[in-house]
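Student: kindly return the folded structure for what I paste below:
(one chain, ligands or ions: 2)
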Amino acid sequence: MKFEEKFEKLVMETIEKNKLFIKKDKILLAISGGKDSLVNAYLLKKFGYDIYAIHIDLKIGKYSEKCREACEKICKENKIPLSIYDIKNEMGSSMCYIRAAVQSKHAGLSNCAICGVIKKWIMNKQARKLKAKVIVTGHNIDDEAQTFLMNIFKGSPELSSNTGPISKNIKEKKFIPRAKPLYYCLEEDIRKYSKLKGLPVIYEKCPCSGDSYRIQIRNFIEKRFEKEKANLIKSFEKLSKQIPKKEGSSINYCEKCGEPCRKNICKKCELVDLAIIG
Ligand code: AMP
Ligand code: ZN
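Tutor: Residues are numbered from 1 along each chain as shown. Ligands and ions are numbered 1, 2, ... in the order given. Predicted structure coming up:
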């Protein structure tokens with residue numbers, strides 16, 4: 001079987017075997033302009049799913065402009081409805097400003113950690129607005145193996161217990177499940193596929209991601225031999241299934257924004273509103 005067919009079969013099987021979504025489900029597809037999410041956009045459209053894309057324009061200078069253009073291009077070419085969430089219009093400032101304000105109150109929080117919390121909050125809200133059944137992201141097996149190793153280095157392997165192609169730990173109607181059709185795909189295969197299909201991908205990394213612990217872990221893994229990398233991924237697959245699932249603790253609603261969360265105030269409001277509004 002040709003590489004392309006094998007790759008597409010793996011994604012299709014991941015969707016079907018893990019019951020990520022079905023043809024009649026409305027899907028919110030989060031696209032960044034990077035290879036993973038644009039491959040998702042191309043393939044889910046090709047497979048005939050009912051997808052609506054969202055791109056969060058973080059206003060990180062030229063980098064964000066290029067990402068936004070890439071998302072507009074792929075959606076236009078593949079007739080995918082796209083909504084753009086402009087962070088400056090919606091939240092009043094660029095991600096860079098928000099991040100700096102948060103870090104002035106919470107030293108030690110990485111750029112990516114803050115950005116990740118805000119992006120998840122936006123995605124969940126937008127998915128509910130669209131009445132989407134599921135949010136699709138571009139996470140791949142390399143991302144998941146990095147997270148697994150990061151959790152081990154943190155001394156908290158149990159944090160990997162709820163990992164999988166679909167989030168199923170939280171049963172709450174305001175919380176929209178997140179699905180990962182590329183969960184079993186290797187990063188280098190996704191890159192290869194995106195190039196074969198000539199997708200308008202932005203291959204450069206976010207200029208703000210340099211400080212992240214994830215990048216250190218990625219570099220650490222990159223320096224290993226191919227065999228060791230493959231073994232890490234194998235270990236991740238074997239062990240993550242064996243870690244007992246965490247008991248779902250009760251869900252609250254954020255006192256400020258109403259989003260589902262574990263405490264009285266959600267993580268996004270705790271970080272952003274308290275840092276910016278004071
Ligand atoms: P990251 O956390 O940057 O590794 O991204 C993981 C996934 O989140 C991507 O594959 C996308 O599905 C989604 N994502 C990241 N950045 C954005 C963005 N600016 N707008 C929409 N979705 C995004
Ligand atoms: Zn909140």
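Student: spit out the contact partners of the closest residue in space to Met95 that isn't next to it in sequence.
Tutor: Once its chain neighbours are removed from consideration, Met95 has its nearest residue in Leu58; the separation is 3.9 Å (CB to CB, 6 or more residues apart in numbering). Every residue, glycine included, has its C-beta placed from N, CA and C. With CB atoms under 8 Å, 6 or more residues apart in numbering as the criterion, the residues that contact Leu58 are 64, 87, 94-95, 115.
Student: restricted to buried residues, select the residues you listed in ChimeraX.
Tutor: With 16 or more other CB atoms under 10 Å as the criterion, this ChimeraX line picks the buried residues out of the contacts of Leu58:
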select :64,87,94,95,115
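Student: from the contacts of Leu58, which land in helices?
Tutor: Using DSSP state H, 64, 87, 95, 115 are the members of these that sit in helices.
Student: where does pLDDT dip in this structure?
Tutor: For the chain, the stretches with pLDDT under 70 are 168-171, 211, 245-249, 274-278.
Student: contact residues of it facing ligand 1?
Tutor: Residues of the chain found near ligand 1, taking CB under 6 Å from any ligand atom as the criterion, are 30-32, 36-37, 54-56, 58, 116, 119, 137-139.
Student: filter those residues to the buried ones?
Tutor: Among these, those that count as buried by neighbour count (16+ other CB under 10 Å) are 30-32, 36-37, 54-56, 58, 119, 137-139.
Student: mind putting these in CSV, distance to Phe3 and secondary structure included?
Tutor: As requested, those are arranged in CSV below (distance: CB to CB, whole Å; DSSP: H, G, I helix; E, B strand; the rest coil):
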residue, distance to Phe3, secondary structure
Ala30, 26, strand
Ile31, 23, coil
Ser32, 24, coil
Asp36, 17, helix
Ser37, 21, helix
Ile54, 30, strand
His55, 28, strand
Ile56, 32, strand
Leu58, 33, coil
Lys119, 31, helix
Thr137, 24, coil
Gly138, 19, coil
His139, 21, coil
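Student: surely Glu204 touches Tyr63?
Tutor: Yes: here Glu204 lies in contact with Tyr63, judged by CB atoms under 8 Å, at a distance of 7.1 Å.
Student: neighbour count: the two, which is higher?
Tutor: Using other CB atoms under 10 Å, the more surrounded residue of Glu204 and Tyr63 is Tyr63, with 17 against 11.
Student: now find how far off-centre stretch 193-213 is within its chain.
Tutor: On the basis of CA atoms, centre = their mean, to the nearest Å, stretch 193-213 sits 13 Å off its chain's mean C-alpha point.
Student: how about stretch 191-200?
Tutor: Averaging C-alpha coordinates over stretch 191-200 and over its chain gives two centres that are 20 Å apart (CA atoms, centre = their mean).
Student: residues touching that stretch, excluding its own?
Tutor: Looking at what lies outside stretch 191-200 - CB under 8 Å, 6+ apart - the contacts are 3-4, 7, 35, 38-39, 42, 69-70, 73-74, 77, 201, 203.
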